[in-house]
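> What follows is a predicted structure for the sequence shown.
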Amino acid sequence: MKKLTWIVAALLVLIPSFSALAKGDFTYITVKGPGVTSELTISNPLLIRFVSFTDFSQNVAEAPAEPGDGYQVLRAFVVNGKEEPYDLLYYYPTSGYVYYEGMASGSSEYDKKWYVADPAAKAPFQTALRRQAQLMWYPAILILILLAVFYFAYRKKAPAA
């Protein structure tokens, strides 16, 4: 009976850890900042692997005097069809820093601190911003092409007699 009690107690302690691990990578991130006209949502799994931007357990830094332009990054999950924000950070690619604002619900020992960013995160992040900017122009270009087609079709139309 004692052994069963210890097993049940151990399982109760481990269940929250298992549920956190089950979430895996973030489902999406939203980005706001310079050059981003509205909130940008990125759900590319290859990019999402880089969105920690640093190892929060090792790369603590002093607050930089001038970090430069930064991007607000909200990391989130979708669980059972419901969006759940996880945390919020600010990424400064020019100076190479990350400011970790904190978790959406709760807190951690990493909150409200500066960190040195992983240099490998800069290129995929900026590539995603460029691709998204290109995608935003595609509808406008398509509309312009359609307008041109209709304009020339209208001008070519034979006059009614």
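Right, received. Where do you want to start?
> Regarding the chain, what is its longest strand?
In the chain, taking DSSP state E as the definition, the longest strand is strand 82-92.
> Would you mark the buried spots in it?
For strand 82-92, burial by neighbour count (16 or more other CB atoms under 10 Å) applies to Asp87, Leu88, Leu89, Tyr90, Tyr91, Tyr92. C-betas here are computed from N, CA, C, even on glycine.
> beta partners of the third one?
Taking DSSP bridges, one finds Val73, Tyr100 as the beta-bridge partners of Leu89.
> what sits opposite Ile29 in the beta ladder?
Assessed by DSSP bridges, Ile29 has beta-bridge partners Ile42, Arg75.
> What is the neighbour count of it?
Using other CB atoms under 10 Å, Ile29 has 23 other residues around it.
> residue contacts, the spatially most central residue of the chain?
Centroid check for the chain by CA atoms, centre = their mean gives Ile29 as the closest residue, at 2.3 Å. Contact partners of Ile29, counting by CB atoms under 8 Å, 6 or more residues apart in numbering, are Thr41, Ile42, Ser43, Leu47, Ile48, Val51, Val73, Leu74, Arg75, Ala76.
> And Phe26, by the same measure?
Neighbouring residues of Phe26 by CB under 8 Å, 6+ apart: Ile48, Val51, Arg75, Ala76, Phe77, Tyr86.
> Thanks again, I'm all set now.
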